[in-house]
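Chemist: this is the structure alone, sequence omitted:
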């Protein structure tokens, strides 16, 4: 079997964390993004909000990922969003009904 490779010059991001998704969506430098759901942001910059049915309100906070799903609410600093894997592992041990 032959394998060929071709060098290409294009932008790529794995988007494996909420932080990398936020960067792809232009979050930063005071800009926030509401990806889904309903939200009110007041004096809140650099945040990523992914909501469900519930209204999410951010007041005076910066650089957060607020992810609201029917099962759980995650609030974390964007620069620590990769650590959510640790919390998921803990949930698998302690709350199997959620995983």
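Modeler: Perfect, thanks for sending it. These numbers come from a predicted model, not from an experiment.
Chemist: please make it C-alpha for all contacts and neighbour counts, starting now.
Modeler: Will do.
Chemist: distance from the lengthiest helix in the chain to the middle of the chain?
Modeler: Looking across the chain with DSSP state H, the single longest helix is helix 84-94. In this view, helix 84-94 has its centroid 17 Å away from the chain centroid, taken as C-alpha atoms, centre = their mean, to the nearest Å.
Chemist: now do the buried residues in that helix.
Modeler: The neighbour-count check on helix 84-94 (16 or more other C-alpha atoms under 10 Å) flags nothing as buried.
Chemist: what mean pLDDT does it get?
Modeler: Averaging pLDDT along helix 84-94 yields 89.
Chemist: next one: stretch 20-39
Modeler: 72.
Chemist: from start to finish, how long is it in a straight line?
Modeler: Its start and end residues considered, stretch 20-39 measures 21 Å (C-alpha to C-alpha, to the nearest Å).
Chemist: ok, and the closest non-adjacent residue to the residue sitting nearest the centre point of the chain?
Modeler: With distances taken as C-alpha atoms, centre = their mean, residue 18 lies nearest the centre of the chain, 2.6 Å away. Counting by C-alpha to C-alpha, 6 or more residues apart in numbering, residue 18 lies nearest to residue 81, which is 5.7 Å off, once chain neighbours are set aside.
Chemist: ok, that neighbour touching residue 17?
Modeler: Yes - Residue 81 is in contact with residue 17 according to C-alpha atoms under 8 Å; the separation is 6.1 Å.
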